[in-house]
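Undergrad: kindly generate the corresponding structure for this input.
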Amino acid sequence: MTSDSGVYTLKKLAAMGWSPDDIKRGRQSETLIPVARGWVRSATADPRVVAAVKAGGALSCVGALRFHQAHDSSGIWVPPGHNETHVRRSKHMKGKPRPSGPFRWCQGYGQPLPVVTAVDSIPLALNCAARCLTPEEWIATVDSVLSTTEWTIPDIQAEMGRVAKAVTGMFARCDDRSQSGTESIARLRLIAAGFEVQVQPDIGTHEHADLRVGALLIECDGRAYHSDAEAFRNDRRRDRMTMIDRWMTMRLTYDDVLYNWEEVLEDIRAVTRSDRHRIRRDNDPRRRENSSI
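TA: Next up is the predicted model:
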């Protein structure tokens, strides 16, 4: 067995080199445990994958993306929440009752496809996720796939099945330069607010910021970000360097972007408005004192 879901079709086991006698002995020894017709699992199989196959489908959508995040050593970003077991049922289960449980039944655009693996591939999972996630969540997830794996948009589209017009439109808003989900969402929200946003702008030799709006550099920390002493010093060195070059830097946390955006947006507007410096001078009490002399 490999470090995968632990749930297999009998056809897959045969392709892995298991003979019919091997499979029979595995069942007798409970090394292989029946899950559904034509499916077996190992004793250590992923319980969500087992539940999806028992329900007549494959783990898909957000569930499959989280599985690939955990098992493929990739940096795929998956939005918080969406904690149900997301299942794409096989086309052969059409019309059959759905079992009860903490399931979310997902179906991508186009005709239902057969289930041949216990966990959907990243393209199939993204096709389902396009109907489960908000557009900004989906785009941020695709950004992370493009940035941290070898998948390209044409590759993903080729394996998705039907690519709906709505999905094509979201692909057009993706950017493989984005370095985190929070950066992607901040970019999308700033653009929606009317800002012209530069992604990964140069700030020095071999160095880049996350985003730039006018003279404001925006650095976005992901949820997994933990600043050690060296990273802390490097961040402050970068801040000094950008200040010398007359840039301003605003650092945003995961919670700032996902849960406190309206306040953050007002702060960005306050910093970037064209008359900001004139207003500050007019409100400077020392200036008022001088003008009254």
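
Undergrad: what does residue 148 show for phi and psi?
TA: Here is the backbone geometry of residue 148 (degrees, to the nearest 10): phi -120, psi 0.

Undergrad: which residues in the stretch 151-293 of the chain form strands?
TA: Using DSSP state E, counting those that start in this stretch, the strands of the stretch 151-293 of the chain run over residues 198-199, 202-204, 207-208, 211-213, 216-220, 248-252.

Undergrad: in its sheet, what does the third one sit against?
TA: Right, strand 207-208. In the sheet, strand 207-208 lines up against strand 202-204 (antiparallel) (DSSP bridges).

Undergrad: how's the protein carved up into domains?
TA: Recorded structural domains for the chain (assignment: automatic domain parsing) are 46-174, 177-293.

Undergrad: okay, the ones you listed, which one's buried deepest?
TA: Comparing the domains of the chain by mean neighbour count (mean count of other C-beta atoms under 10 Å), domain 46-174 ranks first with a mean of 19. (Each C-beta comes from the backbone N, C-alpha and C, glycine too.)

Undergrad: for that domain, the distance to its chain's centre please.
TA: The chain centre lies 12 Å from the centre of domain 46-174; the measure is C-alpha atoms, centre = their mean, to the nearest Å.

Undergrad: what's stretch 172-189 in contact with?
TA: 77-79, 135-137, 139-144, 146-147, 153, 197, 199-200, 210-211, 218, 220-223, 252-254, 257-258, 261, 265 (C-beta atoms under 8 Å, 6 or more residues apart in numbering).

Undergrad: hmm, back to that, just so I know, which of the domains of the chain lies nearest residue 35?
TA: Set against residue 35 and scored by C-beta to C-beta, the domains of the chain come closest in domain 46-174, at 5.1 Å.

Undergrad: in this protein, which spans are helices?
TA: 10-15, 20-28, 47-54, 61-71, 122-129, 135-148, 153-160, 165-171, 181-192, 229-244, 254-259, 261-272, 276-283, 285-291 (DSSP state H).

Undergrad: I'd like the mean pLDDT over the last one, please.
TA: This means helix 285-291. For helix 285-291, the mean pLDDT works out to 39.

Undergrad: do the same with the longest one
TA: Helix 229-244 shows a mean pLDDT of 58 in the predicted model.

Undergrad: repeat for the fifth one
TA: Mean pLDDT, computed over helix 122-129, is 96.

Undergrad: so what does it touch, helix or strand wise?
TA: helix 61-71, strand 85-89, helix 135-148, helix 153-160 (3 or more C-beta pairs under 8 Å, 6 or more residues apart in numbering; DSSP states H and E).

Undergrad: between helix 153-160 and it, find me the angle.
TA: Per axes from the mean of the first three to the mean of the last three C-alpha atoms, to 10 degrees, the angle that helix 122-129 makes with helix 153-160 is 70 degrees.
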